[in-house]
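*Asks:* fold the following, please.
(4 chains)
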2 protein chains.
Amino acid sequence: MKYGKVFVVDDDEAIRDALTWLLQSRGVEAEAFASAEEFLGCWDADIAGCLLLDIRMSGMSGLDLFDRLREVQARIPVIFLTGHGDVPMAVGALKRGARDFVEKPFNDNDLVDRVIEALEWDSQRRLDEAAAADLAARLEQLTARERQVMELVLAGKLNKVIADELGITMRTVEVHRAHVFEKMGVKTAVELAQLLSSHKGER
Amino acid sequence: MKYGKVFVVDDDEAIRDALTWLLQSRGVEAEAFASAEEFLGCWDADIAGCLLLDIRMSGMSGLDLFDRLREVQARIPVIFLTGHGDVPMAVGALKRGARDFVEKPFNDNDLVDRVIEALEWDSQRRLDEAAAADLAARLEQLTARERQVMELVLAGKLNKVIADELGITMRTVEVHRAHVFEKMGVKTAVELAQLLSSHKGER
DNA sequence: CCCGCTTGTTCGGAAATCCACAATAGCCGA
DNA sequence: TCGGCTATTGTGGATTTCCGAACAAGCGGG
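*Replies:* A predicted model of the protein is given here:
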């Protein structure tokens, strides 16, 4: 039951209240905001959850907020809500990465299902990103030389060849190689290759 | 300009003619079908391209055809066309994997752009799938024992340990290991790990 | 009966791994 | 500024592992 939090952003107080009541009655934590600006003001990227976002609002629109979030690499799932949406708008939102697009009035059960789906997706995404961040932190603490050696190791080259290419002794290569393994928390070159391959292309 | 072919499926002859004319005038090869059944009858999964699919048709509907294609693992990109679509239909189609969803009447330039996007996506997808198929074919020709050894190699274990776990001699492990490398077309365990990691989870 | 899979042996060289010892350079806090 | 600390580089030697080549034998399917 501990998924994360739902952030409801809608300038219609009745909708906000109805949504927070609906979600909380289903055991889902929810917090409401009257505008995109208000949400941005107190948003913390570290809190897991999803966004229930009205498209048509005074001030910054839902789509504007969505674009803003994507600009800062925030990948929190966004479910758009709209009373006057059309097909091109929905298609555009989804193709740009929105999680879902729901018309008002909505079916309570259906909406809650979609919200829970989004929350589960987000918590999985956070696990993946945490692993990637951990990996990045480890890569960070490698020295320049160690990174060079690591790349050549990952290219499948023998220590001897690496030594040649870098103009250093094989023994020195071994030292760097051992440091790389230690800092990356692996014991063999194979593990290192898998560690980096699996989390590649996640940017 | 050699992208692939566009398969137009629509039961309205005027639309079919207009679409094929439009596409061909832009240098995109197109072929029209009057029904989902007719398309299925002469469809070849090996031909690169995309599908321009009307949703509302007599007989099998566009959505039915879409589902049928997904059932047989056909991942050809599908752009839905509809004259009477609504938001939930569009959202549902996209969330189930449709490439795009366009309302009639459509803007010619816009539609051609989307078609070309889909064609480019498909040709890239085919490259990826060809690589994956090649990999699968290589894995296929490994013997059971070779696969076992390969897994342990990928677990980063030493030949000695592998020999212990399989209850065979180290030398025999080395033979299998060498066969694996040969059949998989790699020269080191690191390359093997990268080959398998990069094409994992592409199902 | 031949072929491929699996298994085994022996030999030897190449490569990787581990250890101890050590020197140079830069950086940071006392 | 001086004394650690780390990164980087080096040497020499010992041990382990990897790998290629050659030879061979049991076994099961076509």
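*Asks:* which residue comes closest to the residue of chain A most remote from its centre once chain neighbours are left out?
*Replies:* Of all residues in chain A, residue A:169 has its C-alpha farthest from the mean position, at 42.4 Å, by Cα atoms, centre = their mean. Counting by Cβ to Cβ, 6 or more residues apart in numbering or on different chains, residue A:169 lies nearest to residue A:163, which is 5.9 Å off, once chain neighbours are set aside. Yep, even glycine has a C-beta here, placed from its N, CA and C like the rest.
*Asks:* so the residue sitting nearest the centre point of chain A, which state does it fall into?
*Replies:* Nearest to the geometric centre of chain A sits residue A:75, at 4.2 Å (Cα atoms, centre = their mean). Three-state assignment for residue A:75 (DSSP: H, G, I helix; E, B strand; the rest coil): coil.
*Asks:* list the contacts for it?
*Replies:* Residue A:75 makes contact with A:125, A:129, according to Cβ atoms under 8 Å, 6 or more residues apart in numbering or on different chains.
*Asks:* ok, it to DNA strand C distance?
*Replies:* Noted for residue A:75: a distance of 35 Å to DNA strand C, by Cβ to the nearest atom of the strand, to the nearest Å.
*Asks:* before we move on, what about residue A:89?
*Replies:* Residue A:89 is 53 Å from DNA strand C, where distance means Cβ to the nearest atom of the strand.
*Asks:* host element of that residue?
*Replies:* helix A:87-95 (DSSP states H and E).
*Asks:* what's the closest non-adjacent residue to residue A:177?
*Replies:* Using Cβ to Cβ, 6+ apart, the closest residue to residue A:177 is residue A:149 (5.8 Å).
*Asks:* I meant to write residue A:43 there.
*Replies:* In space, and not counting its chain neighbours, residue A:43 is closest to residue A:7: 7.5 Å by Cβ to Cβ, 6+ apart.
*Asks:* count of residues packed around that neighbour?
*Replies:* With neighbours defined by other Cβ atoms under 10 Å in any protein chain shown, the count for residue A:7 comes to 21.
*Asks:* quick one on the thing from earlier: got the phi and psi for the residue nearest to the centre of chain A?
*Replies:* Main-chain dihedrals, residue A:75, degrees, to the nearest 10: phi -110, psi 30.
*Asks:* repeat for residue A:74
*Replies:* Torsion angles, degrees, to the nearest 10, at residue A:74: phi -80, psi 120.
*Asks:* please name the residues that touch it.
*Replies:* Shown in contact with residue A:74 (Cβ under 8 Å, 6+ apart): residue A:45.
*Asks:* what about residue A:46, which helix or strand?
*Replies:* Per DSSP H and E: nothing holds residue A:46, as it lies in no helix or strand.
*Asks:* tell me the SS of residue A:31?
*Replies:* Per three-state DSSP, residue A:31 ends up strand.
*Asks:* so how far is chain B from it?
*Replies:* 25 Å (Cβ to the nearest Cβ, to the nearest Å).
*Asks:* would you agree that residue is in contact with residue A:16?
*Replies:* No - the criterion here is Cβ atoms under 8 Å, and residue A:31 misses it with residue A:16 at 9.8 Å.
*Asks:* residue A:198 reaches residue B:196, doesn't it?
*Replies:* No - taking contacts as Cβ under 8 Å, residue A:198 lies outside contact range of residue B:196: 10.2 Å.
*Asks:* in what helix or strand does the nearest residue to residue A:189 once chain neighbours are set aside lie?
*Replies:* Closest residue in space to residue A:189, ignoring its immediate chain neighbours: residue B:190 at 5.1 Å, by Cβ to Cβ, 6+ apart. Following DSSP H and E, one finds residue B:190 within helix B:189-198.
*Asks:* close to DNA strand D: what parts of chain A are there?
*Replies:* Chain A comes close to DNA strand D at residues A:143-146, A:166-169, A:171-172, A:175-176, A:179, as judged by Cβ under 7 Å from any atom of the strand.
*Asks:* can you do 6 Å?
*Replies:* A:143, A:144, A:145, A:146, A:168, A:169, A:171, A:172, A:175, A:176 (Cβ under 6 Å from any atom of the strand).
*Asks:* what about the residues you listed, which are in helices?
*Replies:* Members of the residues of chain A next to DNA strand D lying in helices (criterion: DSSP state H): A:144, A:145, A:146, A:171, A:172, A:175, A:176.
*Asks:* can you pick the most crowded of these?
*Replies:* Compared across these, residue A:176 has the highest neighbour count, 23 neighbours, by other Cβ under 10 Å.
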